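**Q** Output the structure for:
(2 chains)
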Amino acid sequence: MEDHILEMHKITKDFPGVRALDNVNFTVDRGSIHAIVGENGAGKSTLMKILSGVYPYGTYDGNILVNGEEKTFDGIKDSEKAGIAIIYQELALVNELPISENIFLGNELADRGIINWNATFHKTEQALKEVGLSLNPSMKIMDLGVGQQQLVEIAKAIAKHTDILILDEPTSSLTQSEAQNLFKILRGLKKRGVTCIYISHKLYEVFEIADSITVLRDGKTVGTRKAKEVTEHDLITMMVGRELNQMFPRQPHKSGDIVLEVKNWTVYDPEVVKRKVVDNVSFKVRRGEILGISGLMGSGRTELAMSLIGAYGADISGQLILNGKNLTIKEPAAAIEHGISYLSEDRKESGIILMMNIRDNITLASLNKISKNGIINENEEIRAAEEFVGKLKIKCSSIEQKTENLSGGNQQKVSLGKWLMTKPEVMILDEPTRGIDVGAKVEIFNIMNELIDQGVCIVMISSELPEILGISDRIIVMHEGQIASEFHWREATQEKIMYCSTGRKFNERSR
Amino acid sequence: MKEADDMKNNVPESEKPDTLVKTIVSSVKNNFRQYTMIFALAGIWIIFTILTDAVFLNTRNLSNLFMQSATVAIIGMGMVLIIVTGNIDLSVGSVVGIVGGVIGFLQVYGKWGTIPTIIIGLIIGIAIGFWQGYWVAFRGIPAFIVTLASMMTLRGAVLGVTHGTTIAPLNKDFKAIGQKYLPKIFFQDASFHDLSLIITIIVIIAFIIFAVQKRKSRIRYGFKVIPKKYEALRILALSVLMGFVFFIMISYRGIPYAILVVIGVAVILTFVSNSTVFGRQLYAIGGNSEAARLSGINIKKRLLYLFVLMGGLTAVAGIVFTARLGAATAAAGNLLELDAIASAVIGGTSFTGGVGTIPGALIGALVMGSLDNGMSLMNLDVTYQQIIKGLILLLAVFIDTTSKKVK
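**A** Numbering: from 1, shown residues only, chains lettered A, B, ... in the order given. Alright, predicted model coming up:
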């Protein structure tokens, strides 16, 4: 007789224009540790947000059974009442408050609105003991390490009498020993009957801790297996077994001289002392080639790119050589001047300025080209903007249209136009096709091919394997700030890249 | 309807009539707040005209209204740029106070001339701006705190300079800046003011030449322009509007010097915000500072320059204010920052940053000034004056937020 604590049936969730989850079935045995794996964007987080009530009942199709009983959560409070707690990758603790107040945040032990501090302290101590922490409950969260903060989150869940604990990428910012400690705690909780859903990119961790593993891909359940019955290779095949379609306009590129060379590049997190985010990375880019950088979220790809243009990082060491010359780039303006441009990964947060019109956005990084003594030549500006709107086929009513009223694909083209106007030699494109429709994707690939023909070299960071495989000439794979492997596009497969992305070294290096 | 038909018949095929309508519609949509504020201003004027038996609308009163609004208008226009970058300047009232205090002190006790004291006043304003810009841009302290600190410190300094008394009388030619009108030069006995008239004509002709030149250069570049007929209509309408405003002043005592200052500041700041790299970058910083940073904009330097500019502008406003008052007082400039912020916000400047126009702040200052002036004419109790002004400010921002949601 199987004992399911949780059953999710035929869950379907649509976002505008995208089906994030498509008929997903997911069943968890009582008292087990159940892992969910899948690529970025496979739907793991969306599924967990439905389970925890972040997306309330009615915004999705399908049903949820907890202990065999159908549940309709209207919010996080409801799911908490049903014994479900979720711990996000980004911890949800209030830094300025002490541990005790964090643990009972929203659940204060109060009588008619007056908090019972003695009970709060006492229960906090108990909860901390359960997760192996011997800390003073009045310590503030900001004085704790990340590993300890994570355990406080778990203690918070325990204090709520949680039966199902969901952990989303819990080890992404933990050290090896902190991760081992976390596993120990999780095994202890399992013995006490707490069921745990564990989301991770790191397959070796999953094998170490999980009893069962469910693989999601493109919003669908690929399958659920007992951890003992599958190999890592099986899982990777399940994760990536996607058909490569014909949308990638691959063109033969002739690669020329080395334009950009990065040697022993190391970058530390400016906010967390001594945390390396980019670790001794070296690579070369030649004229007329697309270098793809693959890797999972948090592998340091964006940090690498941002540190190269002087926009991120502390204690940067290493060499940046452009056309044989050593450069020191301290700020983005210097990068632009040297012909290195960076298309940021988040279009709306850091790419375009939504409340400005197309013209102002396109010329923003090259105002010196169309101005004299600090005065903008309006005619030149209009001409430049019209030129890129035409070249990139940006669909708009006029260049005066505000970019917030454009579609995602057209917004991305505006952003691309801004960087093309700076006449770059090296273009770093961070997730250039994220969140845009297929037609616009193909157009952007075509633009990239044209740029290559004009002698620009392109570094493309992408989380989408088909895209990396379909358009790059060479591919490097990053894992935890390091280059895990490098492939020529002909040798690369989704399996090989995923293998390296999840922390395994691939031996057939091809430099 | 008739107008729309006319358009269809007269506009050549290449200039689709609906694009013209669309441009007008989108222009109204994009500047919704300003158009509503122009209508609101007209509405307020009509109401006061009725309530005061047309006293409000006579040229003497309107001339006074313009002069009363001058200080707030100057600071309000500068405040637009500050708020556009996502910052705030609470110190302006105290800066006006200290500039006036020092000028008064030097003129009355030091027997300094007008020009040297004006220079000293400007230097004080710029130095304060530099100080504040340094803390905001390079030390990362929120502008609210930095300028709040200046507001308090400088208010203390004003007390120190004035010893809590009124310093008077100021130099006659200094007072003229705030109180006097352009003189008659040719026809001393005429019922109109010739110099003011000449200036008005020059300004309007300059405007027309500028607009025509702009159109010509657009055509030279091969850009589409709106049909000649409509361009002419637009130029005519704006010229008439300008002429009307000047006419009010000409038919009273001429153009006040203070208004010349306001116009100068408005022209310069409009130019800065529309046509300079510096201005464009300010809007970018407020619109999305991360995108601006990645686009190579040196945010710190820009903010420093902006606060220096604001300091200078505030000094100019302080000079106009002190001259108008004819004396330096300890309370000079009290609460001015709030009127300036209100003017900017009523004129469509958004507190989330990145949005705001200089003409908007002018309209905003006029709305605030009209409320003060009209309610005073009606002998309304100050209590109600304050309450009504507060509610109008709230209403203006409410209209703004709802119009955004509708979009």
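**Q** Are stretch A:428-447 and chain B in contact anywhere?
**A** No: Stretch A:428-447 does not reach chain B (Cβ under 8 Å from any Cβ of the partner chain); its nearest approach is 10.5 Å. C-beta here means a position set from N, CA and C on the backbone, and glycine is covered the same way.
**Q** Do me a favour and get the end-to-end distance for that stretch?
**A** Using Cα to Cα, to the nearest Å, the span of stretch A:428-447 from its first residue to its last is 14 Å.
**Q** low-scoring stretches of the stretch 301-407 of chain B, by residue?
**A** Within the stretch 301-407 of chain B, the stretches with pLDDT under 70 are B:400, B:403-407.
**Q** Quick check: the residue of it nearest chain A.
**A** B:Gly354 (4.8 Å; Cβ to the nearest Cβ).
**Q** Name the residues of the stretch 151-300 of chain B found near chain A, please.
**A** Checking the stretch 151-300 of chain B against chain A by Cβ under 8 Å from any Cβ, the hits are B:217-218, B:220-221, B:223, B:275-278, B:280-281, B:283-284, B:287-288, B:290-298.
**Q** So which of these are in helices?
**A** Applying DSSP state H to those, the entries found in helices are B:217-218, B:220, B:275, B:277-278, B:280-281, B:283-284, B:287, B:290-294.
**Q** show me the contacts for A:Ala333.
**A** Listed by Cβ atoms under 8 Å, 6 or more residues apart in numbering or on different chains, the contact partners of A:Ala333 are B:Gly296, B:Ile297, B:Asn298.
**Q** what do you get if the cut-off is 10 Å, keeping everything else the same?
**A** By Cβ atoms under 10 Å, 6 or more residues apart in numbering or on different chains, A:Ala333 lies in contact with A:Ile309, A:Gly310, A:Ala365, A:Asn368, B:Arg293, B:Ser295, B:Gly296, B:Ile297, B:Asn298.
**Q** Grab the nearest non-local neighbour of the fifth one.
**A** Here the nearest residue to B:Arg293 in space, its sequence neighbours aside, is B:Ile299; by Cβ to Cβ, 6 or more residues apart in numbering or on different chains that works out to 5.9 Å.
**Q** Show the pLDDT at the one you found.
**A** Looking at B:Ile299, its pLDDT reads 95.
**Q** and the gap between it and B:Leu122?
**A** 26 Å (Cβ to Cβ, to the nearest Å).
**Q** and if you look at A:Gln482?
**A** A:Gln482 is 58 Å from B:Leu122, by Cβ to Cβ.
**Q** ditto for A:Asn410
**A** Distance, A:Asn410 to B:Leu122, by Cβ to Cβ: 47 Å.
**Q** Low-confidence bits of chain A, can you list those?
**A** Ranges of chain A meeting pLDDT under 70: A:1, A:17, A:173, A:241-247, A:504-511.
**Q** which SS state does the residue nearest the centre of it fall under?
**A** The centroid of chain A falls nearest to A:Met297 when counting by Cα atoms, centre = their mean (3.6 Å). Following DSSP: H, G, I helix; E, B strand; the rest coil, A:Met297 is assigned to coil.
**Q** now swap in A:Asn410 and tell me
**A** Recorded secondary structure, A:Asn410: helix (three-state DSSP).
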